[in-house]
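>>> Got a predicted structure plus its sequence, pasted below:
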Amino acid sequence: MSDKYRVLFVCLGNICRSPMAHGVFRAKLAKAGLLGKVEIDSAGIGGWHVGNSPDERAQEHSEQRGYDLSDLRARKVTRDDFTTFDRIIGMDDDNLHDLNALSGPENAEKVSLFMSYAPHIGGAIPDPYYGGDEGFTHALDLIEAASDGLIEAIRPKIQARG
């Protein structure tokens with residue numbers, strides 16, 4: 001087992017929501033002084049965009065809020081991720097369904113819906129890919145709220161690892 005707590009964010013193609021979650025969560029961990037204790041990655045259910053940078057709109061909207069996604073590249077989620085990561089987080093119910101189908105019962109407890117960490121808001125993070133700017137703005141609002149809740153949920157586990 002790694003000293004670092006490992007979190008994987010997953011959306012459909014790994015070019016919008018999950019890289020935005022990756023960037024936001026990374027920045028929020030740094031602000032909380034926990035970045036060096038957590039390994040973060042993101043992946044997609046599908047492999048259509050493997051190797052590509054995040055969507056330009058996702059990068060632009062994230063950058064406007066101070067989140068850098070420029071180092072991220074899309075990849076496809078694998079079965080091995082369920083043994084590598086402590087927490088695997090889907091952006092919507094379809095992602096959650098696909099992750100649960102891939103995880104197997106022995107890893108089901110690792111899979112969760114991102115918005116479950118913002119129960120005061122609830123729901124899911126809608127895919128902004130086919131929409132306009134407001135979709136990316138809304139997704140970032142939700143991601144920021146869920147990231148704060150996720151940090152609080154895993155803080156004891158991070159601290160227990162030293």
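Sure thing, it's come through. As the structure is a prediction and not an experimental result, all values here were calculated from the model.
>>> C-alpha only now, for contacts and for neighbours.
OK.
>>> Show me where this protein has its helices.
For the chain, the helices defined by DSSP state H occupy 17-31, 56-64, 81-84, 93-103, 133-160.
>>> Where does pLDDT dip in the protein?
1-2 (pLDDT under 70).
>>> can you do 90?
Within the chain, the stretches with pLDDT under 90 are 1-3, 104-106, 108, 131, 159-162.
>>> So for it, the centremost residue is which one?
For the chain, the residue nearest the mean C-alpha position is residue 9 (2.6 Å; Cα atoms, centre = their mean).
>>> can you tell which of the helices of the chain is closest to residue 110?
Between residue 110 and those, the shortest gap by Cα to Cα is with helix 81-84, which sits at 7.6 Å.
>>> sorry, back to before: reformat the helices of the chain as JSON lines; add mean neighbour count and distance to residue 123.
Listed next are these as JSON lines, based on neighbours: other Cα atoms under 10 Å; distance: least, Cα to Cα, whole Å:
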{"stretch": "helix 17-31", "mean neighbour count": "23", "distance to residue 123": "15"}
{"stretch": "helix 56-64", "mean neighbour count": "17", "distance to residue 123": "21"}
{"stretch": "helix 81-84", "mean neighbour count": "17", "distance to residue 123": "24"}
{"stretch": "helix 93-103", "mean neighbour count": "17", "distance to residue 123": "9"}
{"stretch": "helix 133-160", "mean neighbour count": "17", "distance to residue 123": "10"}
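>>> need the ones you listed in JSON lines with distance to residue 4, can you?
Formatted as JSON lines, the helices of the chain follow (distance: least, Cα to Cα, whole Å):
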{"stretch": "helix 17-31", "distance to residue 4": "13"}
{"stretch": "helix 56-64", "distance to residue 4": "25"}
{"stretch": "helix 81-84", "distance to residue 4": "11"}
{"stretch": "helix 93-103", "distance to residue 4": "21"}
{"stretch": "helix 133-160", "distance to residue 4": "7"}
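>>> Thank you, goodbye.
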